[in-house]
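>>> Any chance you could fold what I've pasted below:
(one chain, ligands or ions: 1)
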Amino acid sequence: MDVRIEQAEREDFSEMIQLADLTLPDRMNLHELKKYIELFPELIFKATHEGRLIGFGCAGIDMYQTTGWLLFSNVHQEYQGRGIGKKLVEARLQALRQHPTLQRVLVTVSETNVKSIRALEAFGFALAKKEEDYYGTGKQRNIMELPLLAMPKLADKEAGVAANPLL
Ligand SMILES: CC(C)(COP(=O)(O)OP(=O)(O)OC[C@H]1O[C@@H](n2cnc3c(N)ncnc32)[C@H](O)[C@@H]1OP(=O)(O)O)[C@@H](O)C(=O)NCCC(=O)NCCS
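Numbers count the residues shown, from 1 in each chain. Model prediction:
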């Protein structure tokens, strides 16, 4: 299947929001997405198949430029389980790696989101912390971390990208 992964642009906004509403209702809204693109224009990636938007993933960097965050990702239900989620993780990690002061990448995950956790573990992310009551009483969040040392070296990844027509 010919899936393209590339930077998202402003004209993708409405399709992105429609998709987010289908995959994770009430989680992402247009204003949040607009802020992400204003703050991190090179860290938002979309997946398309035959011109149709079938997924996207957002990332950001903290103000000290030491911590990157994977902020949101989704893949259209029809296309889930085909490696597209992992390609969106990879694209964001590659973009984050361009920032030389970065020491780690963090991501909030729900402990029941097996696909997300598997996709992240495939890149070396491991559970770092649990925060009780983060989403309200009794609703914790898990934070997974990828330390910088565990990130593949840029030269290796450049070779990998050259061999991967999807990126
Ligand atoms: C989470 C999500 C983005 C993953 O995308 P995806 O394209 O389905 O993921 P991939 O196909 O790349 O698979 C990722 C991992 O999950 C595994 N997986 C896929 N489908 C699975 C299933 N039904 N059950 C268990 N594991 C599954 C894959 O085998 C892979 O793990 P591996 O590397 O050990 O083989 C996607 O499922 C999604 O949009 N979910 C709804 C929105 C969401 O929860 N977003 C994340 C929070 S913001």
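>>> center of this structure - which residue?
For the chain, residue 57 is the residue whose C-alpha lies nearest the centre (Cα atoms, centre = their mean; 4.1 Å).
>>> my guess is it meets residue 72, correct?
Yes - between residue 57 and residue 72 there is a contact under Cβ atoms under 8 Å: 6.9 Å. From N, CA and C alone the C-beta is placed, and that goes for glycine too.
>>> Pull the number of nearby residues for residue 135.
11 (other Cβ atoms under 10 Å).
>>> What residues sit buried inside the helix or strand residue 37 falls within?
Here residue 37, judged by DSSP states H and E, is contained in helix 30-39. Judged by neighbour count (16 or more other Cβ atoms under 10 Å), helix 30-39 contains these buried residues: 33, 36, 37.
>>> who does that helix touch, helix- and strand-wise?
Judged by 3 or more Cβ pairs under 8 Å, 6 or more residues apart in numbering; DSSP states H and E, the packing partners of helix 30-39 are helix 13-23, strand 52-61.
>>> Now residue 132: closest residue in space that isn't a chain neighbour?
residue 140 (5.0 Å; Cβ to Cβ, 6 or more residues apart in numbering).
>>> low-scoring stretches of this protein, by residue?
For the chain, residues meeting the criterion pLDDT under 70 lie at 149-167.
>>> Contact residues of it facing the ligand?
23-24, 72-75, 80-86, 113-116, 118-119, 122 (Cβ under 6 Å from any ligand atom).
>>> one more time with 8 Å
By Cβ under 8 Å from any ligand atom, the residues of the chain that approach the ligand are 23-24, 27, 55, 57, 71-77, 79-89, 108-110, 113-119, 121-122.
>>> How far does stretch 60-76 sit from its chain's centre?
Relative to its chain's centre, stretch 60-76 lies at 7 Å (Cα atoms, centre = their mean, to the nearest Å).
>>> follow-up on the earlier one: among the residues of the chain next to the ligand, which are in helices?
Among those, the members found in helices (DSSP state H) are 23, 84-89, 114-119, 121.
>>> if we can go back for a sec, what would the helices and strands packed on helix 30-39 look like in TSV with distance to residue 129?
As requested, the helices and strands packed on helix 30-39 are exported to TSV (distance: least, Cβ to Cβ, whole Å):
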stretch	distance to residue 129
helix 13-23	26
strand 52-61	18
